[in-house]
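*Asks:* the following comprises the amino acid sequence and a computationally predicted model.
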Amino acid sequence: EEYDEEYEDEEEYFEMSNQQKQGKSKPKKQKKKKLSKAERIALRQQQQAKSKPQLKHPDDGDYGDLIFNQSQYKTNRVWTDLRELSGDLDGKDVLIRGRADTVRKVGGRVFMLIRRSFCKVQVVAEANDNTPKQLVKYCEKIKSESIVDIVGTVKLTKEKIATATPDSLQLIEIVVKKIYVVAGVEANQLPFEITDASRPEQTDNDENENESKD
């Protein structure tokens, strides 16, 4: 009788063959150990750490959470105020800082509305030859109201971005090259957000109209 190459030697094969003749089936593979709640949390934290690297200095990477430096070093970087952004900077790189007002994924791109004072500008992260997919995935996980530093290229848009303010920022967006979370938000949802305050108040007439539709 010829033996199957799946087994290491003839003795192992014939022993298995005899077991099958006697009605004994091939031993089943051991089931994976069920993880405890603490182990699942630790595993999740490890996976999150890989997707959200922590950096001591902006030169350590193109994206990640910056560790609070406590004035241990100076970067000599120059920030551009959102009020200074304009079409005249088309094609030029700028460094901006602001809060992530909204973060949304559309297809393979991530759009963010960055807010500082009364200004809001749209920022887009898209994977290409100069931008890795990991950076885009990192942007996707940034929570609203996190403070971020962004290095990107100013680009003119064909259509107005209605959510950008003032009007001078509605025809430009910033294409992300580097992004760092300076102060993150851990909560999945804040009890009160700026977007809530931006919504128009609902009058009694509006409520009555909604009830009549129901």
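*Replies:* Received it, and whenever you're ready, just let me know what you need. Numbers count the residues shown, from 1 in each chain.
*Asks:* which parts of the protein are strands?
*Replies:* Using DSSP state E, the strands found in the chain span residues 54-55, 63-66, 93-106, 109-116, 119-126, 147-156, 172-183.
*Asks:* and Arg97, what is it in contact with?
*Replies:* If a contact means C-beta atoms under 8 Å, 6 or more residues apart in numbering, then Arg97 has 79, 116, 147-150, 182 as its contacts. (Each C-beta comes from the backbone N, C-alpha and C, glycine too.)
*Asks:* which one of those sits in the busiest neighbourhood?
*Replies:* Using other C-beta atoms under 10 Å as the neighbour test, the contacts of Arg97 are led by Ile150, with 25 neighbours.
*Asks:* partners of Val94 in the sheet?
*Replies:* Gly152 (DSSP bridges).
*Asks:* and for it, the neighbour number?
*Replies:* For Val94, the neighbour count with other C-beta under 10 Å is 18.
*Asks:* look up the pLDDT of it for me, please.
*Replies:* In the predicted model, Val94 carries a pLDDT score of 97.
*Asks:* correct me if wrong: it contacts Leu85.
*Replies:* Yes - between Val94 and Leu85 there is a contact under C-beta atoms under 8 Å: 7.1 Å.
*Asks:* any chance you could list residues touching both of the two?
*Replies:* 154, 174.
*Asks:* still on that earlier bit, so which of the strands of the chain comes closest to Thr163?
*Replies:* Thr163 lies closest to strand 109-116 among the strands of the chain, at 5.6 Å (C-beta to C-beta).
*Asks:* list the buried residues in that closest one.
*Replies:* 110-116 (16 or more other C-beta atoms under 10 Å).
*Asks:* next one: stretch 161-175
*Replies:* Of the residues in stretch 161-175, 161, 163-165, 169-175 count as buried by neighbour count, 16+ other C-beta under 10 Å.
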